[in-house]
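[1] got a sequence here, can you model it:
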Amino acid sequence: SALQDRDPATRLQMLADSIPYARFLGITAVEESGVVTTRLPYREPLVGNRNLPAIHGGVLGAFLELTSVVQLLHEGAYAHLPKTVDISFQYLRSAGPHDMYGRAHITRRGRRIASVRAEMWQQEPEKLTTLAYGHFLLAPL
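    Sure thing, here's the model as predicted:
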């Protein structure tokens, strides 16, 4: 298919862009040394608490959920996008007005369900802002 004929960087961004909400948010994805990192550029409308200012928790959760799906798409071929079965979030510190970065690790993958742990940070990767743990329904080709 046209997707397999692309260079790896273009292919990865096409995978991210295949998710309408990820495309709407402007999420980008890059791979370095086999590790996929997503980025959500800061924009004023993402702020939920203008007094701090802090990014809205729903945006953080959606970003990590999308990061998980991008990782699943990167590592496998599916008939349609993986569907979220359940997901939980741990908000560790408030996310300020900066770009957000995420990584997801598939902790277990069966034939139909995958377990994923995703993490988000802003300026320093060792200072995590949010964690997500989720299960996703897969539809292998």
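
[2] now do the strands in this protein.
    Remark: strands assigned in the chain by DSSP state E are 28-32, 35-40, 47-49, 54-55, 83-91, 100-109, 113-121, 128-137.

[3] contact partners of the fifth one?
    The reference is to strand 83-91. 57, 60-61, 64-65, 68-69, 113, 129-137 (C-beta atoms under 8 Å, 6 or more residues apart in numbering). For the C-beta atoms, the positions are set from N, CA and C on the backbone; glycine is no exception.

[4] swap the cut-off to 6 Å and go again
    Under the contact criterion C-beta atoms under 6 Å, 6 or more residues apart in numbering, strand 83-91 has outside partners 61, 65, 130-137.

[5] could those be laid out in TSV, adding distance to Arg103 and pLDDT?
    Below are the contacts of strand 83-91 laid out as TSV (distance: C-beta to C-beta, whole Å; pLDDT from 0 to 100):
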residue	distance to Arg103	pLDDT
Gly61	16	97
Glu65	13	97
Thr130	12	98
Leu131	11	98
Ala132	11	98
Tyr133	14	98
Gly134	14	98
His135	18	98
Phe136	16	98
Leu137	22	97
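
[6] for ChimeraX, what selects the buried ones among these?
    For the buried members of the contacts of strand 83-91, the matching ChimeraX selection, counting by 16 or more other C-beta atoms under 10 Å, is:
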select :61,65,130,132,133,134,135,136
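
[7] what's the farthest-apart pair in the contacts of strand 83-91?
    Pairwise distances among the contacts of strand 83-91 were taken by C-beta to C-beta; the largest, 22.8 Å, belongs to Thr130 and Leu137.

[8] perfect, that will be all.
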